[in-house]
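A.B. asks: Starting from these lines, generate the structure:
(one chain, ligands or ions: 3)
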Amino acid sequence: MSTQGRPITCKAAVAWMPGKPLEIEEVQVDPPKDHEVRIKMMYSGVCHTDWAYLYETGQSMSPRHFPVVLGHEGAGVVESVGTEVTKFKPGDKVIPLFLPQCGECKRCLSTKTNQCRKNWANTQKGVLADGTSRISYNGQQVYQFLGVCSFSQYSVVPDTSLAKIRHDAPLDKVVLLGCGVSTGYGAAINTAKVEPGSTCAVFGLGAVGLSAVMGCKAAKATTIIAIDTNPAKFPKAVEMGATECINPSDHPKTKIQDVVKEKTGGGVDVALECVGDTAVMSQALESTIDAWGVCVIAGWTETEKLSVEVEQLLLGRTIKGTYFGGWKGVDALPLLVNKYMAEELKLDEFITHSLSLSEVNKAFQLFKSGDSIRSVVSLW
Ligand SMILES: NC(=O)c1ccc[n+]([C@@H]2O[C@H](COP(=O)([O-])OP(=O)(O)OC[C@H]3O[C@@H](n4cnc5c(N)ncnc54)[C@H](O)[C@@H]3O)[C@@H](O)[C@H]2O)c1
Ligand SMILES: [Zn+2]
Ligand SMILES: [Zn+2]
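C.D. replies: Numbering: from 1, shown residues only. Ligands and ions are numbered 1, 2, ... in the order given. Presented below is the predicted three-dimensional model:
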């Protein structure tokens, strides 16, 4: 029987309150309204940011509404569309976007940014354009994290927050393009604009940092220094293109930025921070060469302040942030999928664990203990 136009009852991992593990619940997912698309979610990656919103909300992360369905790195198939939707149809393979691309606003028309603000305030609150969520539990509204909420078997998203991808794309792999891999790869390619022959340092070797290493290599950097406090990440970093790996703990008497400067004759051209720690952000900035070094912040923290000595910038350094790797998602994701299909972009290598929805809390434990890069949760 067709589900079109009817509410669907399905399973979702619900975060009832900050700091508590997710609970698998039966939720109701309403049909899409005019400019909305209901997706049958097939897979979800588990990103550090999901963990941070659950366990750091009100600390390094701004307060959010609960109960919420987390997950913002998903891939699925369109189940049904609202009456005003023209670009999607049932059966399309899609990746939902936590950053929209409406294609019409001043920001979308500029080549300088990917920061489209369509539905932004609502998405940040976890609701859709009419101010409500499409997900409920026994009549109680459940918020939709970043407008994606990929820890639910079905989700409803705005049609401007969705990328259509080719039919032969394996969703269990390209799911990683929904956040982590696109972010790190784009941080190097789009935001840092790494040049051939340059020297780079990447701080933090989770999926974001390893993708940054991959991006530096793709941009033909000749020296790529990979830095992590967990040396278990080093073999993967070398696989992605790192030319050297450093564990700061091996240099207890020297600041890591001085180690990098000494190895590179004064500092790297580009440093990428992929941890989300303000102390590491300072280390990354100070690792760059004073005259032209570029420091890109990919790590996510919302409430903390970064203190920078003015002299660090005065001589010529630049510090900038990257959000979703600078990609305009609707246009870029099909191309990144093509790159993966042409074996020009690695994805399989990031997936260390395949879990069921009921094991979603285990995914958090796995990366907090340093034992995983990306866990991919199968929703069905
Ligand atoms: N800017 C964006 O759009 C965006 C998108 C996705 C994720 N993020 C953020 O990027 C960061 C990384 O995400 P992830 O999923 O790869 O996380 P992760 O937890 O898998 O990886 C973080 C890595 O940093 C390492 N680390 C911790 N402390 C360190 C230190 N002092 N020095 C060096 N390495 C250290 C850890 O051992 C780990 O390998 C997070 O802050 C996440 O919220 C940002
Ligand atoms: Zn993420
Ligand atoms: Zn826009």
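
A.B. asks: Please tell me how far residue 83 sits from ligand 2.
C.D. replies: To ligand 2, residue 83 is 31 Å away according to CB to the ion, to the nearest Å. (C-beta placed from N, C-alpha, C; glycine too.)

A.B. asks: can you count the residues close to that residue?
C.D. replies: 9 (other CB atoms under 10 Å).

A.B. asks: Next one: it from ligand 1, what distance?
C.D. replies: 32 Å (CB to the nearest ligand atom, to the nearest Å).

A.B. asks: for residue 269, same thing?
C.D. replies: Taken as CB to the nearest ligand atom, the span from residue 269 to ligand 1 is 19 Å.

A.B. asks: Show the end-to-end separation of stretch 10-24, please.
C.D. replies: 10 Å (CA to CA, to the nearest Å).

A.B. asks: same thing with stretch 349-367?
C.D. replies: Stretch 349-367: ends 15 Å apart by CA to CA.

A.B. asks: go on, stretch 179-196?
C.D. replies: Across stretch 179-196, first to last residue, CA to CA, it's 26 Å.

A.B. asks: could we number from 890 for the rest of this?
C.D. replies: Understood, numbering begins at 890; the last thing we discussed is stretch 1068-1085.

A.B. asks: Correct me if wrong: residue 1109 contacts residue 1088.
C.D. replies: No. The criterion here is CB atoms under 8 Å, and residue 1109 misses it with residue 1088 at 11.9 Å.

A.B. asks: Between the two, which has more neighbouring residues?
C.D. replies: Taking other CB under 10 Å, residue 1109 and residue 1088 do not tie; residue 1088 has more neighbours (26 against 11).

A.B. asks: who's the more buried one bridged to?
C.D. replies: residue 1112 (DSSP bridges).

A.B. asks: That one and ligand 2: what is the separation?
C.D. replies: For residue 1088, the distance to ligand 2 - CB to the ion - is 27 Å.

A.B. asks: cool, and residue 1104?
C.D. replies: From residue 1104 to ligand 2 the distance is 16 Å (CB to the ion).

A.B. asks: which bits of the protein sit near ligand 2?
C.D. replies: 936, 938, 1068 (CB under 5 Å from the ion).

A.B. asks: looking at this, the second one is in a helix?
C.D. replies: What that stands for is residue 938. Yes. Assessed with DSSP: H, G, I helix; E, B strand; the rest coil, residue 938 lies in a helix.

A.B. asks: pLDDT wise, what is it at?
C.D. replies: Residue 938 carries a pLDDT value of 91.
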